[in-house]
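Chemist: Sharing a sequence plus its predicted fold:
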Amino acid sequence: MSRFVRQSKYRHVFGRPTRKEQCYDNLHISKNAWDSNIIKANPKYLSVNWEASGGGAFAVIPLGERGKLPDQIPLFRGHTAAVLDTDWNPFHDDIIASGSDDCKVFIWKIPSDFSVHSEDEDDLAAKEVQPQVRLGGHQKKVGHVLFHPVADNILATSSGDLTIKLWDIEVGQPKLTLRHTDIVQSMSYSGDGSLLVTTNRDKKLRIWDLRQQAPVHEGPGHAGAKNSRAVWLGDLDRIATAGFSKMSDRQLGLWDIRSPNEPIGGFQLLDSISGVCMPFWDDGTKCLYLAGKGDGNIRYYEYANDDLVYLSEYKSADPQRGIAFVPKRGVDVKENEVMRAYKTVNDIYIEPISFIVPRRAETFQDDIYPDTANGQPGLTADEWLGGKNAMPPKFSLGTLYSDDYVPPEPAPAPVFKQPEPAVSAPAPIVKKEETSEPPTPADIPRVVIDKVVDPVKNGAAAIVESAREVVASTSSSPAESSSKHSQAHGVSAADLSGVLSSLQNLHASLGSQARAIANQQDICSKLIKEVEALKSKTK
């Protein structure tokens with residue numbers, strides 16, 4: 001990759017920092033060591049992983065509320081362990097997803113009158129927001145969450161259980177699963193959202209056909225032991241990666257997805273700083289921004305002639321640990337701002353940085369503002385899952401230049417499906433006569449296990465009823481067990497762990513629900529003991 005200086009509209013782009021009094025100050029940014037961006041931004045809000053006691057939390061800050069924040073602000077609580085990542089829905093600015101160390105994914109809706117400022121503590125408590133949807137399908141921590149760039153309400157989540165799941169958040173169910181062989185370190189969609197690139201701890205670069213749930217390419221990425229990141233270059237068939245060499249030097253790579261066995265022209269050496277580089281792509285200007293963890297610099301490159309051409313570098317003495325870039329429809333076109341970043345400083349405040357093309361013109365500069373995504377979905381979730389492809393709808397940023405600009409009508413808000421609570425307790429469990437022979441895992445019908453380990457699909461009542469079937473089927477007579485055994489496909493202790501986990505989660509949630517289902521909590525307690533005993537016999 002060349003550092004040759006050529007003619008470019010963006011050659012003189014510079015980064016303009018913000019005065020301290022106009023930053024977002026008095027924050028308690030999470031100190032968790034998980035490698036995420038820590039903060040995310042959209043045209044209305046910032047989300048910040050928060051250092052909170054008593055479980056996981058994150059904060060949401062309206063972009064207009066700059067300055068020193070109150071000592072106590074409303075937090076988005078609900079997770080029982082640290083929040084590791086958040087992501088804003090690109091088509092609904094008030095919808096955000098969070099992933100946590102507690103293995104859960106929550107979907108939240110920001111109230112229309114939300115503010116970090118409160119008149120008193122009672123008002124503060126009233127502003128605490130509860131999740132709209134709780135997604136429980138991963139077995140280990142959820143490290144990354146990422147909304148689809150085209151299809152409405154499709155969310156990808158990566159987990160320590162070595163899977164990526166794609167959810168339809170309206171129905172609260174995983175629709176697709178990508179199975180990996182090691183921890184996922186980053187993921188990025190193609191322009192039309194049909195493909196996904198991932199980097200992994202096994203140092204492999206994988207390109208996935210999402211609806212086939214299979215990789216179309218798997219090959220070596222960066223050779224270094226530290227984390228690497230990948231970003232798809234919008235509607236191009238190119239991918240950029242940032243990682244490390246075997247000697248722990250930072251590298252930048254450009255890949256052709258049609259022949260991704262090695263980067264185009266080899267890896268470019270950046271420096272020997274130890275922090276991970278976070279890549280961000282601006283599809284309008286075809287510019288790539290690289291922000292390093294542990295240093296205060298942001299490099300930017302322009303893609304041209306199948307090369308990433310170095311433009312310049314924003315330098316700062318204040319190192320960043322987290323950074324976010326606002327979507328293009330959130331920039332200030334009257335200031336010739338082509339990008340805006342928000343960086344964390346000392347885990348105390350967040351500093352906005354505007355990247356500006358220096359011009360004195362008093363009219364809209366259409367040559368530096370190509371059409372960009374307008375914040376409307378190109379497909380519904382069902383259309384995309386059914387096999388359709390599309391690019392995000394676009395609009396001219398020139399419409400933002402007019403003082404009488406009226407934003408388009410937002411996409412219809414998602415309607416989240418809530419499980420129906422049971423209105424009465426199920427029939428009491430009638431235990432069959434126990435035999436001297438312990439039940440075997442194969443005695444449990446696979447269909448019963450499948451129903452229990454998918455609580456979102458079947459609802460609370462179905463979990464209880466299915467668990468009763470599990471216990472009943474394993475306590476039947478030898479003759480009955482033999483008949484069931486012929487229909488079973490084999491069940492392991494891991495399957496029973498899923499049953500037990502589902503029951504325990506249900507038991508906890510029932511504790512906060514209405515009296516009408518209080519009896520089911522007692523039933524769950526009994527079932528937990530029975531399944532625990534069953535599990536111990538299968539070890």
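Modeler: That came in fine, so what should we check first?
Chemist: Can you list the residue ranges for strands in the stretch 301-450 of the chain?
Modeler: Ranges of strands in the stretch 301-450 of the chain, per DSSP state E, counting those that start in this stretch, are 307-314, 323-325, 337-345, 349-356, 372-373, 394-395.
Chemist: Can you list the helices and strands that the longest one packs against?
Modeler: Contact partners of strand 337-345 among helices and strands, from 3 or more CB pairs under 8 Å, 6 or more residues apart in numbering; DSSP states H and E: strand 39-41, strand 277-282, strand 287-292, strand 323-325, strand 349-356. Yep, even glycine has a C-beta here, placed from its N, CA and C like the rest.
Chemist: taking the mean pLDDT, what do you get for it?
Modeler: Regarding strand 337-345, the rounded mean pLDDT is 98.
Chemist: most tightly surrounded among the helices and strands packed on strand 337-345?
Modeler: strand 39-41 (a mean of 26; mean count of other CB atoms under 10 Å).
Chemist: Quickly run through the sheet partners of the helix or strand just after that one, with directions.
Modeler: Note on strand 39-41: by DSSP states H and E, the next helix or strand toward the C-terminus is strand 45-49. Paired neighbours of strand 45-49 in the sheet (DSSP bridges): strand 39-41 (antiparallel), strand 57-62 (antiparallel).
Chemist: what angle separates strand 45-49 from strand 337-345?
Modeler: 30 degrees (axes from the mean of the first three to the mean of the last three CA atoms, to 10 degrees).
Chemist: gap between strand 45-49 and the chain center?
Modeler: Taking CA atoms, centre = their mean, to the nearest Å, one finds strand 45-49 lying 13 Å from the centre of the chain it belongs to.
Chemist: Quick one: residues contacting Lys335.
Modeler: You called it Lys, but residue 335 is Glu. Counting by CB atoms under 8 Å, 6 or more residues apart in numbering, Glu335 touches Ser354, Ile356.
Chemist: which stretches of this structure form helices?
Modeler: 121-126, 381-385, 398-401, 446-452, 455-474, 478-485, 493-510, 518-538 (DSSP state H).
Chemist: can you list contacts of the second one?
Modeler: When contacts are taken as CB under 8 Å, 6+ apart, the neighbours of helix 381-385 outside the stretch itself are His148, Val150, Ala151, Asp152, Asn153, Ile154, Asp168, Glu170, Lys175, Leu176, Gly193, Arg211.
Chemist: Strands - which of those land there?
Modeler: The strands, defined by DSSP state E, take in Ile154, Asp168, Lys175, Leu176 from the contacts of helix 381-385.
Chemist: Neighbour-wise, give me the winner out of these.
Modeler: Ile154 (27 neighbours; other CB atoms under 10 Å).
Chemist: any idea of the pLDDT on it?
Modeler: 98.
Chemist: The one 3 residues further on now?
Modeler: Per-residue pLDDT puts Thr157 at 98.
Chemist: Please give the number of neighbouring residues around it.
Modeler: Thr157: 26 neighbours (other CB under 10 Å).
Chemist: Please apply the same query to the one 10 residues further on.
Modeler: Burial of Trp167 is recorded as 25 neighbouring residues (other CB under 10 Å).
Chemist: Need the per-residue pLDDT for the closest residue in space to Asn346 that isn't next to it in sequence.
Modeler: Spatial nearest neighbour of Asn346, excluding adjacent residues (CB to CB, 6 or more residues apart in numbering): Asp318 at 7.3 Å. Here, the pLDDT recorded for Asp318 equals 94.
Chemist: tell me the contacts of Asp318?
Modeler: Asp318 sits in contact with Gly296, Lys343, Val345, Asn346, Glu351, where contact means CB under 8 Å, 6+ apart.
Chemist: wait, isn't Phe14 in contact with Phe355?
Modeler: Yes - at 7.2 Å, Phe14 counts as touching Phe355 under the criterion of CB atoms under 8 Å.
Chemist: Find residues that contact each of these two.
Modeler: The contact sets of Phe14 and Phe355 overlap at Tyr314 (CB under 8 Å, 6+ apart).
Chemist: right, and Tyr303 touches Arg238 too?
Modeler: Yes - with contact defined as CB under 8 Å, Tyr303 counts as touching Arg238 (7.2 Å).
Chemist: which residue ends up closest to the midpoint of this protein in space?
Modeler: Centroid check for the chain by CA atoms, centre = their mean gives Val145 as the closest residue, at 0.8 Å.
Chemist: ok, now which ones touch it?
Modeler: Contacts for Val145 were tallied using CB under 8 Å, 6+ apart; they are Asp85, Thr86, Asp87, Ala97, Ser98, Gly99, Val105, Leu155, Ala156, Thr157.
Chemist: so it bridges to which residues?
Modeler: In this entry, Val145 is beta-bridged to Thr157, by DSSP bridges.
Chemist: What's opposite Asn250 in the beta bridge?
Modeler: If you look again at residue 250, you'll see it is Arg, not Asn. So, taking DSSP bridges as the rule, Arg250 has Phe244, Asp271 as bridge partners.
Chemist: For it, give its distance to Thr241.
Modeler: Arg250 is 11 Å from Thr241, where distance means CB to CB, to the nearest Å.
Chemist: Do I have it right that Phe91 meets Pro412?
Modeler: No - applying CB under 8 Å as the test, Phe91 and Pro412 come out as separate, 9.6 Å apart.
Chemist: Pick out whichever of those two has more residues nearby.
Modeler: Phe91 (25 against 11).
Chemist: Sketch out the low-pLDDT regions of this structure for me.
Modeler: Scanning the chain with the threshold set as pLDDT under 70 gives 1-6, 120-127, 404-408, 418-523, 535, 537-539.
Chemist: How is it partitioned into domains?
Modeler: Listed domain ranges for the chain are 14-382, 441-538 (source: automatic domain parsing).
Chemist: would you turn those domains into JSON lines with distance to Lys388?
Modeler: Converted to JSON lines, the domains of the chain look like this (distance: least, CB to CB, whole Å):
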{"stretch": "domain 14-382", "distance to Lys388": "6"}
{"stretch": "domain 441-538", "distance to Lys388": "24"}
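Chemist: for those, which one sits closest to Phe395?
Modeler: Proximity to Phe395 (CB to CB) singles out domain 14-382 among these, at 3.9 Å.
Chemist: and that closest one, how far from the chain's centre?
Modeler: Chain-centre distance of domain 14-382: 9 Å, with CA atoms, centre = their mean.
Chemist: Could you tell me the end-to-end distance of it?
Modeler: 43 Å (CA to CA, to the nearest Å).
Chemist: again with stretch 362-375
Modeler: One end of stretch 362-375 sits 27 Å from the other (CA to CA).
Chemist: which residues touch that stretch?
Modeler: So stretch 362-375 is contacted by 9-10, 90-91, 93, 149, 283-285, 327-329, 333, 336, 338, 357, 359, 392-398, 401, 408, 410 (CB under 8 Å, 6+ apart).
Chemist: Write the PyMOL selection for whichever of those residues are buried.
Modeler: Burial among the contacts of stretch 362-375 is assessed by 16 or more other CB atoms under 10 Å; the matching PyMOL selection reads:
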select buried, resi 10+90+91+93+149+283+284+285+327+328+329+333+336+338+357+392+394+397
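Chemist: From Leu527, how far off is the residue nearest to the centre of the chain?
Modeler: 32 Å.
Chemist: Repeat that for Thr163.
Modeler: From Thr163 to Leu527 the distance is 27 Å (CB to CB).
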